[in-house]
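> Sequence plus predicted model, see below.
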Amino acid sequence: METVHYDSIIIGAGPAGLTAGIYLSRAKAKTLILDSGVAGGQMILTHEIANYPGIESISGYALSNNMRTQTKKFGCDMLSGVSITQIDFESELKSLSLSNGKSFSADTIILATGGRSRTLGVTGEANYKGRGISYCATCDGDFFQDKEIAVVGGGNTALEEAVSLTKYASKVTLIHQFDHFQGFKHAEDEARSNEKIQIKLNSRIVSFNGDDKLNSIKVENLLTHEQYDIELDGVFIFIGYEANTDFLQGRCIHLNERQEIVTDEKLQTNIRGVFAAGDALAKRYRQITTAVSDGTIAALNAMEYINQRKPKEAAHS
Amino acid sequence: MVLPTPLKHVETADHLNKIISENENVMVCCGRMGPMCIPVYGIMEELQEEYKHVDFRDMLFDSPEAHIIRNLPECSSFMGLPFTVYYKNGKVVAATSSIQNRDQITSILDKEFGK
C-alpha cells in the first residue's frame, strides 16, 4: 500500500493535539491527526469547563466539537479510532503504520497522546466494570442507594468522592495503600468526620469477587499481610492518571520513571523532529489551558523545524 | 426528552419497538451526558459511515420511557452507565454496561451484525 507523506503527524486529538493541528494547518503545513479514540481526549469527559479564558461556561463535549471543527476548517486531516502498529521516529523521515494497513511518513511528529484513569489491574477488575466497579461517582452513584461500597485512593478526588457517595450509600469503606492521605487537609477532615465512612489505610484490594455482579472484595493489610473479605455492592476507583505512552515504552523516545515524555524547552524530545505536548509530558500541571499552550509551542517549533529542512530537501532534489 | 447528541434518538418505548421491528440491526446507547457515556456516543457517530447496515440510536436514561432498556433481563446486573443494547431482528443479542472503547464496540457489531 502507498505511503502518504505529511509535513507533520500529530498523535492524539485532545486539546494539545487539536491546537497543534490548528496552528500547523493554518500555516499551510500538510498535517494529519491520528487518535485511538474520539476527538477531545479527556476534555470530552468534563461535565462543565468554567476556567477556559473567554468562555464563561461550556461542556467538555461542546468545546471538543468546537476545536475539532476549527481544526478541520483549516484543512487538517483527521483519522479517529486508529491503532498504530509500527513506528520509526529515529530516521530523518519519520514513518508509522496503522492496523488497517495504511502507512504514513512525516518530517515531524507531535506526540499528544494524553492520559487515562489508572486502573488497579487486579483479578476481576475488568469483569465487574459496570457490574459493581465504577470510575465515575457522578455517573453511577445513584445505582448504589442504601448499598455498601468502597472507594479506593488517597488523593483529593478519592476523598471528595467518598464524601459525595455517602449521599447514596449506607456505608463507604475508604481504602488507601499508604499510611496517610495525599489530599488536602480539609478534604481529609471532611471524610474522617463523616459517620458513614470507614477508613482502611495501609491496605489494598487483592481481588474482586461475585457472580453476575460484584459482591465482595479481598483486601490485604500491607503491614500484617493478613487478607480478609468485605461484602459489598460496589467499588469506586480514583487512583490518578497515567500517560498514554505504552506504545513508546522500550523505544527510542526518552520517558521518565512515570512513563511520561521528557522534552526540552522547545517541547522537542531526545529525537530531532519529534515533539510532545499535553498530559503525556513530564510536567506538574495538567489543565486544558496548559495542553493548549503545549500544543501551540510544539506546533510552532515543529513548523520552524519543517521550514529549516525544506531548503535542504530542495537542494537535494 | 432527548440527549443533545448528533445521533438519532429513541424518544419512547413504542418508538424503540417500532425501530427494532423495522430494522434488522439496531444499537441503542442509553445514558446521560456524562463522562462514561459521551465517548460511546462519539464512537457511534463515527461508526455510522462504516456500518450503514446498523441503525445507531441513543436514549436518555432518565426518561421514564427508558424502562424499556433499564428493565431488560440482559441489563439486570448492570450498575454503570451507559447501558448499550444490540438488537437483531427485534431480539437482544448483546448488552454492555459502562464505557466501552471502539474495539469493544466493533467486535460486538462485527460478531452480531457482520461487517
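Arrived safely, thanks for sending. Numbers count the residues shown, from 1 in each chain, chains lettered A, B, ... in the order given.
> which SS state does the most centrally placed residue in chain B fall under?
When chain B is reduced to its mean C-alpha position, the nearest residue by C-alpha atoms, centre = their mean turns out to be residue B:28, at 1.6 Å. Under DSSP: H, G, I helix; E, B strand; the rest coil, the three-state class of residue B:28 is strand.
> Sort out which residues of stretch A:239-252 are buried, please.
Neighbour-count burial for stretch A:239-252 flags A:239, A:242-245, A:247-248 (criterion: 16 or more other C-beta atoms under 10 Å in any protein chain shown). Using the backbone N, CA and C atoms, a C-beta is placed for each residue, glycine as well.
> show me the contacts for the residue in the stretch 151-300 of chain A positioned nearest to chain B.
Per C-beta to the nearest C-beta, residue A:212 is where the stretch 151-300 of chain A lies closest to chain B, at 4.1 Å. Contacts for residue A:212 (C-beta atoms under 8 Å, 6 or more residues apart in numbering or on different chains) come out as A:131, B:76-77.
> Surely it is in a strand?
No. Remark: residue A:212 does not belong to a strand; assigned using three-state DSSP, it is coil.
> Need the per-residue pLDDT for it.
In this model, residue A:212 is scored at 92, pLDDT.
> can you list the residues of the stretch 201-317 of chain A near chain B?
Selection of the stretch 201-317 of chain A residues close to chain B by C-beta under 8 Å from any C-beta of the partner chain yields A:212-213, A:233-234.
> which among these end up buried?
When those are checked for burial by 16+ other C-beta under 10 Å, the buried set is A:233-234.
> Nearest to residue A:206, out of the residues of the stretch 201-317 of chain A next to chain B: which one, please.
Nearest to residue A:206 among these is residue A:234, at 17.4 Å by C-beta to C-beta.
> For chain B, which residues score under the pLDDT cut-off?
For chain B, no stretch is flagged by pLDDT under 70.
> What is the helix ranked longest in it packed up against?
Longest helix in chain B, counting residues (DSSP state H): helix B:102-113. Secondary-structure packing of helix B:102-113 (3 or more C-beta pairs under 8 Å, 6 or more residues apart in numbering or on different chains; DSSP states H and E): strand B:25-31, helix B:38-47, strand B:83-88, strand B:91-97.
> winner for burial among the ones you listed?
Across those, averaging neighbours per residue (mean count of other C-beta atoms under 10 Å in any protein chain shown) puts strand B:25-31 on top, at a mean of 25.
> now that one and strand B:83-88, what's the angle there?
170 degrees (axes from the mean of the first three to the mean of the last three C-alpha atoms, to 10 degrees).
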